[in-house]
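Asks: structure of the sequence below:
(2 chains)
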Amino acid sequence: MSDTTYEKFAGLRIYSQNVYKKYNWINTLLERRENLSDVILIQEPLWGLIRYAPSMTDKCSDPIIGMPSHPSWRCLYPKPADQFSESDRPCVAAYVHQRLWAMKPKLCSDVIKSCNIMLLTMNGPRGQLHMLNVYSDSTGSAIRTLSTLESISSPIGYLGGNFNCPSEIWDPEYSRRNSPLAEVLADFTYQHGLYYRQLGCPTHYPANGDNPSIIDLIFLPRNDEESIISIGKHGESDHCPFFVELRFPILTGNKPPSIKAGSEADAEFTSDIMDGLNVTVGLAKPQSRDNIIHIMTLISECFVKAWEAHATLSQTSVRSKGW
Amino acid sequence: MQRTMKTAKRKYFDDKIESIADHNKRPWDLMAWTRARKPDSSEAIIFKGEPCLTTEDHWNAFQETFNSAHKRDTYPIRLMRAIHPKPKWVWAPFSACELREALTGCSGRSAPGPDHIIWTHIKHFCVNDNILKLFVWIINACFITRFWPDSFKTSKTMIIPKPGKKDYNIPKAFHPIVLLNTLGKLFEKVIANRLQWEAACFKLLHPCQFGGVRQNSTEDAGSYLTHLVRAGWTKGYKTSVVAFDLAQYFPSLNHSVITLLLDRMEFADVVVNFFANYLVGRFTKLF
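Replies: Numbers count the residues shown, from 1 in each chain, chains lettered A, B, ... in the order given. Alright, predicted model coming up:
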């Protein structure tokens, strides 16, 4: 993967790839792209048995079905009606980094409810960003669903994924056949003011040795000329990843500072407050509203000052002590 | 880095297992480690057919769901006519003992309010007699001046998903928790204890009131119901039970009705006037 070129970008950093149900590859991505991407959009994620958990009701233990998780990433996917059903298995998923929690990433299942398409919405300082992550199988079901989509309140800021829709429209050099659904997809993108970003190289290298093709596509708004797209190496999957830098300002939220209970800082925090309260004791004489307000203001200031003096952002390092 | 994390985790879990095996004998505490992680509530909440995507949308959805009784018309005049005023009881000021007693059952694990102070800190402060006197002065001054400071009216609201729901795209699948400043909560505990003592002392509570009353529990309610059923059997009767739940009970309480009830139930004017100020001017921030 060409990570080095990606780090210099600023804005919302998206990584998109068909991961071909590779558990280890998803785990590797989550670990390695922690500081390099803000959103990871994947197609054909692994959906299956993660492990067995001891059960209070079943002697044979309960199976845990789902997707790989990571503490730094929040996983969003179309929720299946039946987690054991193969037909309901989500074919798209998004991992949004926890630092973007302030952007309130949400799935708009009221607009599209499909296991092949997800509409991810995020709130930034310049408004909302709607992103469509699509996996269209060989029958083109997702493209058909898209074509029936009535309306989305705000413009789509990103449309991408694995469309399995070879066509000369986006692949004049490599395409051997034209999918009839290509026109449908082109119409949909035209109606929504999106245009295809030509990269000029294949995105899919079949494992069986067939000719490479362009079936992974990224569409961006027609007036968006600043966003940058590059393509990387496919790694364990047979689809190449896209690195997209959207010119969409992001909101990052740090973890709030804290004081560990029972620590030295906690003792100093308590001690500082007690000193402040002892000073206030002498002022508690006439019982009037003004005096109560004055004393409560002093107490609140005392709490705030002590908190600001001793609360710190906790970071795990090699010198960290045990829990 | 990974090795350090692994060692720290192993030590933590070993200590927990040892504690469970040797001390508290609660092996089911280990179940929390192995059960499936709950899926994230990633779907946008739908309220009135529209997805809630911003903080303002969430605020409106939760406000209208959980405070649906807000500004509902009430008719306190009927109540005023039905219950006639009686002579008032004398209100005694709060003591340091009442503050200490209120502190005894407080958990050190409850989440703090906007001031970050937890019960452990308050317990520590109250060891100092001067600070305890200051706290007693504040609560008594609040009652005499009929005033509840703004810092005790300011809270932060956390929205927590209710466990075991099938879908998390409706506001009712969540419940808000209001976190107030702990010092204010201490004073509220003291006031609640005193009000309950007076209510019990002057027999203001109905004998069938079990919830929220000291020395009365769910088991008492069960025993009482069993007694009624058995007493009916001896007389050859069959007993039917009608159970119902009042939705939105606490948000539905009308402030003027509360103060009027306190007034008619012979509480001192100090209490009535204090609550008139206590119930209004609240401010919260949604997280």
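Asks: ok, A:Asn223 - contacts?
Replies: With contacts defined as CB atoms under 8 Å, 6 or more residues apart in numbering or on different chains, A:Asn223 is in contact with A:Gly193. C-beta coordinates here come from the backbone N, C-alpha and C atoms, glycine included.
Asks: doesn't it belong to a helix?
Replies: No. Counting by DSSP: H, G, I helix; E, B strand; the rest coil, one finds A:Asn223 to be coil, located in no helix.
Asks: how about it, phi and psi?
Replies: Main-chain dihedrals, A:Asn223, degrees, to the nearest 10: phi -90, psi 0.
Asks: do the same with A:Leu132
Replies: Dihedral pair for A:Leu132: phi -110, psi 120, per degrees, to the nearest 10.
Asks: same deal with B:Ile45?
Replies: Backbone phi and psi, for B:Ile45 under degrees, to the nearest 10, turn out to be phi -70, psi 130.
Asks: quick check: closest non-adjacent residue to it.
Replies: Spatial nearest neighbour of B:Ile45, chain neighbours left out: B:Cys52 (4.4 Å); criterion: CB to CB, 6 or more residues apart in numbering or on different chains.
Asks: mind checking how far the one you found is from B:Asn60?
Replies: 8 Å (CB to CB, to the nearest Å).
Asks: who's more crowded, the two?
Replies: Using other CB atoms under 10 Å in any protein chain shown, the more surrounded residue of B:Cys52 and B:Asn60 is B:Cys52, with 21 against 16.
Asks: now name the helix or strand holding A:Met118.
Replies: strand A:117-124 (DSSP states H and E).
Asks: tell me the strands beside that strand, with direction?
Replies: strand A:106-107 (antiparallel), strand A:127-135 (antiparallel) (DSSP bridges).
Asks: by mean pLDDT, show me the worst of these.
Replies: Lowest mean pLDDT within the strands paired with strand A:117-124: strand A:106-107, at a mean of 89.
Asks: chain center to it, what's the gap?
Replies: When distances are taken as CA atoms, centre = their mean, to the nearest Å, strand A:106-107 is centred 10 Å away from the chain's centroid.
Asks: residues touching the residue nearest to B:Ile45, list them.
Replies: Remark: with contacts taken as CB under 8 Å, 6+ apart, B:Cys52 is in contact with B:44-46, B:58, B:60-61.
Asks: find the nearest non-adjacent residue to B:Phe187, please.
Replies: Setting aside the residues directly before and after it, B:Phe187 is nearest to B:Ile139 in space (CB to CB, 6+ apart), at 4.8 Å.
Asks: what segments of chain B are strands?
Replies: Using DSSP state E, the strands assigned to chain B run over residues B:45-47, B:50-52, B:154-161, B:174-180, B:283-286.
Asks: could you report the neighbour count for the spatially closest residue to A:Thr145 that is not a sequence neighbour?
Replies: The shortest distance from A:Thr145 to any non-neighbouring residue, by CB to CB, 6+ apart, is to A:Ser114 (5.3 Å). Summarising burial for A:Ser114: neighbours were counted as other CB under 10 Å, giving 19.
Asks: okay, and A:Ser114 sits in which element?
Replies: Element membership of A:Ser114 [criterion: DSSP H and E] is none; it lies in no helix or strand.
Asks: pLDDT score assigned to it?
Replies: The predicted local distance difference test score for A:Ser114 is 89.
Asks: residue ranges in the stretch 151-300 of chain A under the pLDDT threshold?
Replies: Within the stretch 151-300 of chain A, the ranges that satisfy pLDDT under 70 run A:151-153, A:174-176, A:253-255.
Asks: and if we set it to 50?
Replies: Low-confidence regions of the stretch 151-300 of chain A, defined here as pLDDT under 50, do not occur.
Asks: got the contact list for the closest residue to B:Asn181 other than its chain neighbours?
Replies: Counting by CB to CB, 6+ apart, B:Asn181 lies nearest to B:Gly113, which is 4.1 Å off, once chain neighbours are set aside. B:Gly113 makes contact with B:154-156, B:179-182, B:184-185, according to CB under 8 Å, 6+ apart.
Asks: and those, which is closest to chain A?
Replies: Sorting the contacts of B:Gly113 by distance to chain A puts B:Asn181 at the head of the list, at 8.6 Å, by CB to the nearest CB.
Asks: would you check that that closest one makes contact with B:Lys153?
Replies: No. If you go by CB atoms under 8 Å, B:Asn181 and B:Lys153 don't touch, sitting 9.2 Å apart.
Asks: comparing the two, which residue is more hemmed in?
Replies: Legend: neighbour count by other CB under 10 Å for B:Asn181 and B:Lys153, higher for B:Asn181 (24 against 18).
Asks: need the phi and psi values for the more buried one.
Replies: phi -60, psi 140.
Asks: repeat that for A:Glu264.
Replies: As for A:Glu264, its main-chain torsions (degrees, to the nearest 10) stand at phi -60, psi -40.
Asks: returning to that earlier point: dump the contacts of B:Cys52 to JSON lines, plus pLDDT.
Replies: Output for these, formatted as JSON lines (pLDDT from 0 to 100):
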{"residue": "B:Ala44", "pLDDT": "85"}
{"residue": "B:Ile45", "pLDDT": "88"}
{"residue": "B:Ile46", "pLDDT": "87"}
{"residue": "B:His58", "pLDDT": "87"}
{"residue": "B:Asn60", "pLDDT": "89"}
{"residue": "B:Ala61", "pLDDT": "90"}
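Asks: which of those sit farthest apart?
Replies: Across those, the longest distance by CB to CB is 13.7 Å; it joins B:Ala44 and B:Asn60.
Asks: A:Ala94 should be in a strand, yeah?
Replies: Yes. Using three-state DSSP, the secondary structure at A:Ala94 is a strand.
Asks: how much space between it and chain B?
Replies: A:Ala94 is 9 Å from chain B, where distance means CB to the nearest CB, to the nearest Å.
Asks: contacts only, for that residue.
Replies: The neighbours of A:Ala94, taking CB under 8 Å, 6+ apart as the test, are A:39-42, A:75-77, A:105, A:118, A:120, A:131, A:133.
Asks: ok, of those, which come out buried?
Replies: Burial by neighbour count, judged by 16 or more other CB atoms under 10 Å in any protein chain shown, picks out A:39-42, A:75-77, A:105, A:118, A:120, A:131, A:133 from those.
Asks: on that earlier part again, which one of the contacts of A:Ala94 is nearest to chain B?
Replies: Nearest member of these to chain B, counting by CB to the nearest CB, is A:Leu76, at 4.0 Å.
Asks: report the contact partners of the closest residue to that closest one other than its chain neighbours.
Replies: Nearest-residue entry for A:Leu76: B:Ser42, 4.0 Å, with adjacent residues in sequence omitted and distances by CB to CB, 6+ apart. Residues near B:Ser42 by CB under 8 Å, 6+ apart: A:74-77, A:79, A:105-107.
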